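**Student:** Return a 3D structure for these sequence lines:
(one chain, ligands or ions: 1)
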Amino acid sequence: MSTAPAIVAADPIDLAVIGGTGLYRIAELENVETHQPPTRYGALSGPIRVGMLAGRRVAFLARHGEGHSVPPHKVNYRANLSALQALGARRVIALNTVGGITERFGPRVLACPDQLIDYTWGRISTFCEEEGTEVLHVDFSDPYTPSLRTALLAAARAADVPVVAEGCYGATQGPRLETRAEIARLRRDGCDLVGMTGMPEAGLARELGLEYASLAIVANWAAGCGDESEITLQEVLDNVAAVSASIPAILRRFLTP
Ligand code: HPA
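**Tutor:** All right, here's what the predicted structure looks like:
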């Protein structure tokens, strides 16, 4: 497996966290500095907040911007990841707000998916876009870094936070939610979870040689699943808030195993 040329690193960052819908900051970060470096790929979603958690240096970036102004198909995934790498990050935990499709993935479940299927279209999904860049065919059999998943799951166990330790994430285009028929198709394909930001982020992280894993927060039953009630933004935000309260405890254990 070859990777894209590394950008020169600054002070090392022990962990980078990318927050999704409903997750715009980590309140527990201390001594926070703000970085918003320009990148050759354009502007980031917003500022990167670098601070201390459990005595370690952690970078946090809100994927949709801190005021949730960037929709999933407009996120500059390349800029976000290359800026985190340039700041010295080597490991990324992506927080993804998702809908649940199969039985074990109801609202307020936290899951650590091990597979994904990409249904997105028209997004820049590679660093090999520019003429003259080396063409990479990275191994993506396991889209989430197995050793990072193992460490994350161990941290969740140590923090006493239940996490479903598998699941297939279907990445859809959004920003609208899916039809019942679309979700039925995802279910037939083997997806357990559906979200709009899992790709191209995971693939780009692999091209950069970053370790990358996802903690998926189930905010609602996907269309036609579970109790089949209408999906409201309030339900999504309430469920994300309830589950994300447990994330700092997992991160602390992860940083000081
Ligand atoms: N579908 C896609 N993305 C989502 C959903 C959903 O039902 N809920 C939260 N993000």
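
**Student:** neighbours around the residue of the stretch 1-150 of the chain found nearest the ligand, how many?
**Tutor:** Residue of the stretch 1-150 of the chain nearest the ligand, by Cβ to the nearest ligand atom: G99 (2.4 Å). Every C-beta, even on glycine, is put in place using the N, C-alpha and C of the backbone. Residues lying near G99 (other Cβ atoms under 10 Å) number 28.

**Student:** List the contacts of the closest residue to it other than its chain neighbours.
**Tutor:** Excluding the flanking residues, the one nearest G99 by Cβ to Cβ, 6 or more residues apart in numbering is A222, at 3.5 Å. Residues near A222 by Cβ atoms under 8 Å, 6 or more residues apart in numbering: 99-101, 177-178, 183, 186, 194.

**Student:** Please report how far A222 lies from L193.
**Tutor:** Plainly put, A222 is 8 Å away from L193 if you go by Cβ to Cβ, to the nearest Å.

**Student:** hey, what's in contact with both of these two?
**Tutor:** By Cβ under 8 Å, 6+ apart, A222 and L193 have these common neighbours: 99-101.

**Student:** Turn those residues into CSV, columns for pLDDT.
**Tutor:** Shown next, in CSV, are the shared contacts of A222 and L193 (pLDDT from 0 to 100):
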residue, pLDDT
G99, 97
G100, 98
I101, 98
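
**Student:** Please narrow these to those residing in strands.
**Tutor:** 99-100 (DSSP state E).

**Student:** Distance to E33 added to the shared contacts of A222 and L193, as a markdown table?
**Tutor:** Converted to a markdown table, those look like this (distance: Cβ to Cβ, whole Å):
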| residue | distance to E33 |
| --- | --- |
| G99 | 35 |
| G100 | 37 |
| I101 | 40 |
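
**Student:** what comes up buried for the helix or strand of the chain with the lowest mean pLDDT?
**Tutor:** Lowest by mean pLDDT, DSSP states H and E among the helices and strands of the chain is helix 233-244, with a mean of 92. Using 16 or more other Cβ atoms under 10 Å as the test for burial, helix 233-244 gives 236, 239-240, 243-244.

**Student:** State the number of residues packed around Y41.
**Tutor:** Counted with other Cβ under 10 Å, the neighbours of Y41 add up to 19.

**Student:** Looks like it contacts A79 (just checking).
**Tutor:** Yes: Y41 is within contact range of A79, at 4.3 Å (criterion: Cβ atoms under 8 Å).

**Student:** Now do the contacts for the residue nearest the centre of the chain.
**Tutor:** Compute the mean C-alpha point of the chain, and by Cα atoms, centre = their mean the closest residue is A94, 2.6 Å away. Neighbouring residues of A94 by Cβ under 8 Å, 6+ apart: 17-18, 20, 197-198, 201-202, 212-215.
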